[in-house]
Every structure is written in structure tokens, then in C-alpha cells.
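1. Provided below are the primary sequence and the corresponding predicted coordinates.
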Amino acid sequence: MMVINTVVLSIICGSFVVYSNCLKDWNNQRLPATSVIITFHNEARSALLRTIISVFRKSREELIHEIILVDDFSDDPSDGLELAVIQKVKVLRNNKREGLMRSRVRGADASTAEILTFLDSHCECNVNWLEPLLERVAEDKTRVVSPIIDVINMDNFEYIGAASDIKGGFGWNLVFKWDYMSAEEIKRRENNPTAPIRTPLIAGGLFTINKSWFNQLGKYDTKMDVWGGENIEISFRVWLCHGSLEIIPCSRVGHVFRKQHPYTFPGGSGIVFARNTRRAAEVWMDEYKHLYYNTVPSSKYVSFGDISERLDLKKKLKCRPFKWFLENVYPELEVPPNQALLYGMIKQGEMCMDTMGHFADGSIGLFHCHNSGGNQEWSFSEDGSLRHLDLCIVLPSNTAGTVLELAHCTPTHHSMKWIQIHNKNMFKHRSYNLCIDSRDVQSQGLIALPCDETARTQQWKFIIN
Ligand code: LR7
Ligand code: MN
């Protein structure tokens, strides 16, 4: 059974190839030394020790300036303390559980080398893993580089080479995944299989970065907790704020992939993950954040806290819009057609369009704007639908004065298609010269009347949130 498993896994993961280009004489190359930062919470002692020993055994001595272990308040303080006797190993212990983001920042702040290398606490570094990473970062400090992450089987600790034609990506649920390279890209790389692989995302745990660049870029979002979302956040930030992410095929590090977290999640894993992910989405994704909310609607009910410092950082670093990332870094990610990207409230003076709690067949009213979404949250999509959740504003007949109604949107019928006219201040039906009008809102709700740019009751401002 074991043998069959191994065979299956090596087919899935590809076999571990040592490329001849990788076997250069690294000893003649001057490279900067690195601090290795490893944070852990209740890690198995053997796995932690294995990680540290492999760093020392598989790296040239002068390239390891120090290993900084950050014990994130593990139950037993001696887990870390006993390792402090090893030369070059420094141990910091949090006096409460901080999560991996604040722990890594604490480790990075305490480090003294020019370069930082982060590792998870259950890794095994492979031969010449470090030099190819340091070389890329020494040449250009805005590069952030990751090894190929081989698989250590959690049941028997067998080391299995991972495929080298994959990169990091995500779907609109914002969960990290591996993507296969396109056939074209694989073909292009045939002559140069060891060339760095530009990757939209890094898995997050194993990477090398210049320390001053890490600081300049804003380290991590330290308002994220425990686990999750920080890998997407730092990946977006690196690309959007003028850096790049690469996987370096000559560098390989094994990682124990586990089926579940061997630790507790203060706050609940779903909530913490959604909160961290929302923070990343709200700061970096502009209007595309709605594609995440459409995919994971429950995340909208998880509060994400204050992001003003991260927005200031984005401004200060003059980072690019998310659209640039989609077009230039991750064109493979499909943006679903006809999805609403415009979300917000629809204002007339101090009043806002409001469903008044009505459902299908109900009318639409106006209510004082309360700025808290709910019945006043509307979206406007490319297909012309003006919607609240899955209810669309429909024109029941094409006679002037007809009362507008809410109806289920899918598939969008032509009676539900609107366009913005007159500096986008009026909503006109696509097929008729009828506009949304509020003059009779008290008695019957919003109605459709012949478009008239001078009518104050036909003026609407879509305020994007
Ligand atoms: O509260 C915590 N405090 C910690 O210090 C929780 C975790 N940790 C430590 C933990 O002991 C470990 O050393 O943080 C490290 C990462 O936690 P893991 O190993 O439980 O995470 P993972 O390997 O399941 O998850 C991946 O995604 C995470 C998202 O937050 C991190 O970015 C991990 O570093 C990342 N791991 C990798 O990239 C390794 C390759 C996996 C893949 C694909
Ligand atoms: Mn891990």
C-alpha cells in the first residue's frame, strides 16, 4: 500500500530533478548573509529541530548570520528555550499568543542581517537551497523569492519532489492554490528550465526578502491574527507596490503538509480567516473586492477593523490599482462577466433608494441615508441590472407612471436593464425613454416617467463604497 502511495504521489508531484545549471560553484560567489526567521506555536520538537539542523547543514556557514526563533506562546516554554544553546540561535518568546504575522514581524525587527529568510517550523532545506535565493535578492532588492516547496509526507516523513511547472494563484474565494503553467509557458521554459518563475502569489511561509525592502513595504499587516490571508496580502502588496515575486527552481525546501491545524484558533478559524482576508481585499483589491464578497457572501458579516494605516501606506508607496495586477501579473484569472463591480448607495439629496424591506413584487422607496448598507445597498452591473442582493429593479410595463418593482434577477430580463445618462445622474430604461422618478414615492413608491433632465426627482448619485 505504501509503495502504491509513493508512486501515485510522485506522479502527482512530478519527480525531483537536479538541473545541471543549478550545480554551479557557489563558493566563488559573494553573497550577503541572511537571518532566518522561524515562528512556531506548539510545534513538534522533532520537526522544529529538524528544520534548524537542516538550515545549518545545507547552508554555507557564513551565509547564516543567525536563526531567530519566535515562540508564539507555546504551552511549554522549554520547546524553544532548549534550542537557545545552539550557536547562532536566538529565541524570543511572546507572552501571549500573537499569531504568525506579529510573530514574524517581531523576529524580523530583532534580526541584524541585511536579508531575511522566513521558514515554517516544519521544513527541511535541501542542498544549495539558499544561494539561488540570495543571488536573486542581492541583484535586485525588490525581488521577493521562494524556493520550490517539496512535500514531506506527514505520516512517514518521506521527502517527495514537487512539480516545477506550477505557480501560486487564487480563485475569487481568495484561497491560495497552485496553478499549472500554460502549455506555452512550459514550452518556452524547455530551453531554460531553471529560469526564475514569475508567480502571482507565494504560498507564504518560505521566502527571502531584503530587510530594508520588507520594512519599506510595510512588513505585515499586524492587525491580522493567527493564520491566513497574510500570504495574499503580501503578494498583492509586493506586485502592486513595484516589486516582484519569483519561485526559484534551483532552490528546494521540503515542508510538512498537514491536514489540519495542530493548534487552536482563538476567535474561530472561519472568522479569523475571513477577517484577515477582508483586510487584504479592502486595502488592495479596489472594486474587485466585490467578486470576493459575491463568492463568499458570509464574509461580509465579519468585521475587518481599522485599515486606515494600510491605506496610508498604499498611498505613500504610490501602489498600482488592482486592475493592473489582473492585467499584467495574473491574466489567467478570469474576471466573471456581468458581475457588478459598482456597489454603493443611490442618493437623491439626503435620501437614499431603499427596498423598505420589500421582497419580490414589492415597490421601492426612499429613506434617509444611513450609510450602513442593508436595504440601501445597490449594485449596478455591465448587463444593466440595478440590484439589491438577488432582487432587480424591473419596469413592469412601458407606460409612463408605472410603479417600479423588485423581482428576482436571474437571468436578467430586458425589463430589468437600465443605463446611466446625463452625466450618469439619471437611470433610464435601456429600451424606452423612461427614467426612475421619485415624485410619487410617498404614495406609491418609485415610478418610471419620461426622462427629463430638469426634473430634480430624476437625479440620482451612485455613491460607490
Ligand atoms: O498562531 C500561530 N502562530 C505561529 O507562529 C499560528 C501559526 N504559527 C506558525 C506555525 O507554527 C508555522 O511555523 O506559523 C507557521 C505557519 O503555520 P502553518 O504551518 O500551520 O501554516 P500552513 O503551512 O498550513 O500554511 C501556509 O499558509 C499560511 C497562511 O497564513 C502561512 O503563510 C504559512 O507560512 C504557509 N505555509 C507555507 O507556505 C508552506 C507551504 C505550504 C503551501 C502551499
Ligand atoms: Mn506549514
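-> Done, it's in. Ligands and ions are numbered 1, 2, ... in the order given.

2. Spit out the contact partners of residue 206.
-> 118, 119, 120, 123, 146, 147, 149, 253, 255 (Cβ atoms under 8 Å, 6 or more residues apart in numbering). (Glycine included, C-beta is placed from N, CA and C.)

3. what's the closest of these to residue 26?
-> Nearest to residue 26 among the contacts of residue 206, counting by Cβ to Cβ, is residue 147 at 14.9 Å.

4. Give me the pLDDT value at the closest residue in space to the closest one that isn't next to it in sequence.
-> Nearest residue to residue 147 in three dimensions, chain neighbours excluded: residue 251, at 3.7 Å (Cβ to Cβ, 6 or more residues apart in numbering). Per-residue pLDDT puts residue 251 at 97.

5. Check the offset of the helix or strand where residue 251 lies from the chain's centre.
-> For residue 251, the host element (DSSP states H and E) is strand 244-256. Remark: strand 244-256 is offset 19 Å from the chain centroid, using Cα atoms, centre = their mean, to the nearest Å.

6. Tell me where the model's unsure across the stretch 101-250 of the chain.
-> Within the stretch 101-250 of the chain, no stretch has pLDDT under 70.

7. ok, which residues in it are in contact with ligand 1?
-> Proximity of the stretch 101-250 of the chain to ligand 1, by Cβ under 6 Å from any ligand atom, involves residues 103, 120-121, 149, 203-206, 226-228, 230-231.

8. Buried ones only from the residues you listed, please, as a ChimeraX command.
-> In ChimeraX syntax, the buried subset of these is picked out as below (16 or more other Cβ atoms under 10 Å):
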select :103,120,121,149,203,204,205,206,226,227,228,230,231
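
9. For the residues of the stretch 101-250 of the chain next to ligand 1, name the two members farthest from one another.
-> Between any two of these (Cβ to Cβ), the greatest distance is 21.2 Å, for 149 and 226.

10. correct me, but residue 383 touches residue 413?
-> No. Counting by Cβ atoms under 8 Å, residue 383 sits too far from residue 413 to count as a contact (10.6 Å).

11. As a check, name the ranges of all strands in the stretch 1-150 of the chain.
-> 34-40, 64-71, 89-93, 115-119, 123-125, 143-152 (DSSP state E, counting those that start in this stretch).

12. Figure out which of these is closest to residue 322.
-> Residue 322 lies closest to strand 143-152 among the strands of the stretch 1-150 of the chain, at 18.4 Å (Cβ to Cβ).

13. Mind giving me the packing neighbours of the closest one?
-> When contacts are defined as 3 or more Cβ pairs under 8 Å, 6 or more residues apart in numbering; DSSP states H and E, strand 143-152 packs onto helix 2-13, helix 131-139, strand 159-160, strand 207-210, strand 244-256.

14. leaving aside the residues next to it on the chain, what's closest to the residue of the stretch 351-465 of the chain found nearest ligand 1?
-> At 27.7 Å from ligand 1, residue 465 is the closest residue in the stretch 351-465 of the chain, using Cβ to the nearest ligand atom. Nearest non-adjacent residue to residue 465, counting by Cβ to Cβ, 6+ apart: residue 344, 4.6 Å away.

15. Okay, strands next: where are they in the stretch 251-400 of the chain?
-> Applying DSSP E, counting those that start in this stretch to the stretch 251-400 of the chain gives strands spanning 342-348, 351-354, 365-368, 378-380, 386-388, 391-394.

16. show me where the stretch 251-400 of the chain has helices.
-> 269-284, 289-295, 308-316, 322-328 (DSSP state H, counting those that start in this stretch).

17. Would you single out the least confident of those?
-> Lowest mean pLDDT within these: helix 289-295, at a mean of 92.

18. Alpha carbons of that one, as PDB, please.
-> Provided in PDB are the C-alpha atoms of helix 289-295 (Å, rounded to 0.1, in the frame of the first residue of the first chain):
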ATOM      1  CA  LYS A 289     -13.300  43.100  -3.700                       C
ATOM      2  CA  HIS A 290     -16.900  42.600  -4.600                       C
ATOM      3  CA  LEU A 291     -16.100  39.500  -6.600                       C
ATOM      4  CA  TYR A 292     -14.800  38.000  -3.300                       C
ATOM      5  CA  TYR A 293     -17.900  39.100  -1.500                       C
ATOM      6  CA  ASN A 294     -20.100  37.600  -4.200                       C
ATOM      7  CA  THR A 295     -18.100  34.300  -3.900                       C
END
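
19. Can you give the contact residues for that helix?
-> Contacts for helix 289-295 (Cβ under 8 Å, 6+ apart): 171-174, 277, 281-282, 285, 299-300, 335-336, 339-341, 343, 379.

20. before we move on, what about stretch 324-341?
-> Stretch 324-341 is contacted from outside by 169-172, 179, 182, 198, 200, 236, 239-240, 287-288, 290-291, 294, 379-383, 385, 387, 412, using Cβ under 8 Å, 6+ apart.
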